[in-house]
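[1] sequence and computational prediction follow.
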Amino acid sequence: MRMSKLFVQTLREFPSDAEVISHKLLVRAGYIRKLSMGIYNFLPLMWRVLKKVENIVREEMDNAGAQELLMPFVQPKELWEESGRWGAYGGELMRLTDRHGREMCLGPTHEEIITAIARDGLKSYKQLPVNLYQIQSKFRDERRPRFGLLRGREFIMKDAYSFDTTQEGLDKEYKNMWNAYTKIFKRCGLDTKAVQSDSGAIGGSVSHEFMVITDTDAGENDVFYCDCGYAANSNHAISDLPMANIKGEWSTPQIIDTPDTHSIEELCDFLKIEPTVIVKSLVYIVDKNPVIALIRADKNVEETKLLNAVGGNEIRIAVAAEIEDIMVQNGFDAEKGFIGPKGLKEYNGVPVKFVADKTVIDMKNFVIGVNQKDKHGVGYNWECKCNSGGSDSTGLIELPETVADIRLVEAGELCPECGKPLKVTRGIEVGNIFQLGTKYSAPMNAVYTDIDGTTKPYIMGCYGIGISRTAAAAVEAHHDENGIKWPLAIAPYHAIVIPVSTKDELQMKVAEDIYKTLVKHGVEAVIDDRDERAGVKFKDADLIGFPYRITVGKGITEGLVEFKTRETGEILNIKPEDAAEIVVTAITKLK
RNA sequence: CGGGAUGUAGCGCAGCUUGGUAGCGCACUUCGCUUGGGACGAAGGGGUCGCACGUUCGAAUCGUGUCAUCCCGACCA
């Protein structure tokens, strides 16, 4: 490709609406342009990168025994009703109506379709196991798209689905996919960590996410890990707490004035206490139902854990107006900062549910909100057998029926497997593997006939890789102040040849010769034939991120050209005829 | 969904307070000059100032509404 013809427009400045480095660089270097919120055009350079990632994924999936197919992007409501997700999926499912008034949706994932395909085709145990996959655009109407390609609404994804007759078969395929993923990301030049995770809306039990560990702030997920090998996503991580004072100083219960203590910090300052002796009450709304979470005040609630504890689809924190409503409806006059569990019965006719984090059970003589403005209860305890002597209930709080781990783990807490302090890092999720079991096959009546003549639902697994997200994650992991440093395997081109002066006939001739030789040997190369100053060409080459740069300049009078490796910055002066060999050798090593 | 901010040429921005013929840098076109890290000079082309309504003799500028984009999410951050 000749640079003068390549469809790419680099920008002198970063776009103003981009926040993370992969977004900034991909726009500035001319890879992508935004069309709408969370929706991007993939320009020719980007498309080359995406095809490279796709092909690596395709090769390894095929090697692992999976078969590629392609399912529709637009899907009928009926299948989603069969699985129960038409109602359950929420706002991320982009729904539309066709001219006949039929309701459809844009596919955010394809469990329903693939299960229907399997149901039609896989009738006998003799046909199983099977693993089917596709590489295709997905659409999720994200509440808040951001970070460019890392969290767009439309994105490219590889999704695979396995069908087995036994759990042992699923376990085997799960491991098979795990191994394939490890190879895929390694080939893409990415270091990944497989972490335990919550299975979320897709459902199922066992699941792992493959995370690219990155120093940049684009990592959306905190990954907690330990040298012993334990690693988990924040929505799944568990830990033991280090020793702390969890016994308050007040031995007799009383309600005291705590004016203007709207935050835990203010309350601690006022009472001169540690947050470890406060039980805070947080109001959540789960599918329109009120849920009060009780947790030690120095810790935070992990919303996914809380959601799993109460069951439901969507969880969010209550807004101030809702908290006010709850107070009024239960005969209180308090505001946020003074909320407590006692006396809260219902909200809009729905009983209030209470969930206590398991770490509050051992707390004694604690401080808690009592639904009175500018007041808190101190010296409170849980109402349980050990406290049965109390004649009046003042100072006793009923321990909720649901006691669960709803706590967000923090670095420094203790590894659940070996007891050493956990470490935290940011990760970008580029792939995931789930054991679905019969979550879709059972409700959709997707069954096969087993050897004994009985019909059984398939045991399913699903396995995703974000193709476009993987490319963006590669930029997060491989860049410097001058631009992108693509791993060779997924770079849009392997090398660029730069004649410093297009008016210098010798330079041009040597550059053209090198370029032709590279192309002849299967190297994907660009020659920068533009009549630009050398600085412009170097800046563009660095920004776009060609792994190798061959510069033909003044040195040619001594028979030498410059060979630069983008990743390391290493510069060699070599003979023109040696350039192709170096690049070809590097490319060969990729296979 | 709630809160905040911003919409002026392809990109980045000024002008708005105090209404009076729409500007700057980059990019683009032509010419000259220059050629190892985003040169310089000259001359050009390109915008109904997000959209609608209103106030006014007159609106990018003031008011109302609307759409879009970005940032933030009750305790804690």
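    The structure has been received and is ready for your questions. Numbering: from 1, shown residues only, chains lettered A, B, ... in the order given.

[2] which residues touch residue A:264?
    With contacts defined as C-beta atoms under 8 Å, 6 or more residues apart in numbering, the neighbours of residue A:264 are A:275, A:278, A:280, A:297, A:298. Bear in mind the C-beta positions are built from the backbone N, C-alpha and C, glycine included.

[3] from residue A:453, how far out is the third one?
    Put plainly, it is residue A:280. 58 Å (C-beta to C-beta, to the nearest Å).

[4] which one's more surrounded, the two?
    Each of residue A:280 and residue A:453 has its neighbours counted (other C-beta atoms under 10 Å); residue A:280 has more, 24 against 6.

[5] quick check on that one: phi, psi?
    Residue A:280 has phi and psi values of phi -100, psi 150 when expressed as degrees, to the nearest 10.

[6] what's the closest non-adjacent residue to it?
    Closest residue in space to residue A:280, ignoring its immediate chain neighbours: residue A:297 at 4.4 Å, by C-beta to C-beta, 6 or more residues apart in numbering.

[7] okay, now that neighbour: neighbour count?
    For residue A:297, the count of nearby residues is 23 (other C-beta under 10 Å).

[8] looks like it contacts residue A:275 (just checking).
    Yes: with contacts counted by C-beta atoms under 8 Å, residue A:297 reaches residue A:275, the gap being 4.0 Å.

[9] get me the contact residues on the stretch 251-400 of chain A for RNA strand B.
    The stretch 251-400 of chain A comes close to RNA strand B at residues A:262-266, A:280, A:282-284, A:297, A:300-301, A:317-320, A:323, A:336-337, as judged by C-beta under 7 Å from any atom of the strand.

[10] the stretch 401-550 of chain A too?
    Neighbours of RNA strand B within the stretch 401-550 of chain A, by C-beta under 7 Å from any atom of the strand: A:482, A:500-503, A:531-536, A:538-543.

[11] for the stretch 401-550 of chain A, which residue gets nearest to RNA strand B?
    Scanning the stretch 401-550 of chain A for proximity to RNA strand B using C-beta to the nearest atom of the strand identifies residue A:535 as nearest, at 2.4 Å.

[12] quick one: residue A:542 is in a strand?
    No: assessed by DSSP: H, G, I helix; E, B strand; the rest coil, residue A:542 does not belong to a strand; its assignment is helix.

[13] what about it, how many residues close to it?
    Neighbouring residues of residue A:542 were enumerated by other C-beta under 10 Å; the total is 20.

[14] which ones are touching the residue nearest to it when sequence neighbours are not counted?
    On the basis of C-beta to C-beta, 6+ apart, the spatially nearest residue to residue A:542 that is not a chain neighbour turns out to be residue A:482, at 4.0 Å. Residue A:482 makes contact with A:539, A:542, A:543, according to C-beta under 8 Å, 6+ apart.

[15] how about the first one, secondary structure?
    Translated: residue A:539. On the basis of three-state DSSP, residue A:539 is classed as helix.

[16] show me what contacts the residue in the stretch 301-450 of chain A that RNA strand B sits nearest to?
    Evaluated by C-beta to the nearest atom of the strand, the stretch 301-450 of chain A has residue A:317 as its residue closest to RNA strand B, separated by 2.9 Å. Remark: with contacts taken as C-beta under 8 Å, 6+ apart, residue A:317 is in contact with A:282, A:283, A:284, A:285, A:303.

[17] repeat that for residue A:293.
    If you count contacts by C-beta under 8 Å, 6+ apart, then residue A:293 has A:281, A:282, A:284, A:301, A:306, A:355, A:356, A:357, A:406 around it.

[18] mind doing that once more with 10 Å?
    A:280-284, A:301-303, A:305-306, A:309-310, A:317, A:341, A:353-357, A:400, A:402, A:404, A:406-407 (C-beta atoms under 10 Å, 6 or more residues apart in numbering).

[19] can you tell me the element it falls in?
    In this assignment (DSSP states H and E), residue A:293 forms part of strand A:289-296.

[20] what mean pLDDT does that strand have?
    pLDDT averaged over strand A:289-296 equals 88, rounded to a whole number.

[21] could you do stretch A:506-517 as well?
    On average, stretch A:506-517 scores 96.

[22] residues making contact with it?
    Counting by C-beta under 10 Å, 6+ apart, the neighbours of stretch A:506-517 from elsewhere in the structure are A:1-2, A:495-502, A:504, A:523, A:525-529, A:550-557, A:559, A:561, A:576-581, A:583-584.

[23] in strands, which of the residues you listed appear?
    Using DSSP state E, A:495, A:496, A:497, A:498, A:499, A:525, A:526, A:527, A:550, A:551, A:552, A:561 are the members of the contacts of stretch A:506-517 that sit in strands.

[24] any stretches of chain A with poor pLDDT?
    A:198-205, A:215-220, A:384-394 (pLDDT under 70).

[25] mind giving me the packing neighbours of the helix or strand hosting residue A:381?
    Following DSSP H and E, the helix or strand that holds residue A:381 is strand A:375-383. Judged by 3 or more C-beta pairs under 10 Å, 6 or more residues apart in numbering; DSSP states H and E, strand A:375-383 is in contact with strand A:254-257, helix A:264-271, strand A:278-286, strand A:366-369, strand A:396-398.

[26] nearest residue to the residue of the stretch 251-400 of chain A found nearest RNA strand B in space, ignoring adjacent ones along the chain?
    Scanning the stretch 251-400 of chain A for the residue nearest RNA strand B gives residue A:263, at 1.5 Å (criterion: C-beta to the nearest atom of the strand). Taking C-beta to C-beta, 6+ apart, and ignoring the residues beside it in sequence, residue A:263 has residue A:337 as its nearest neighbour in space, at 6.4 Å.
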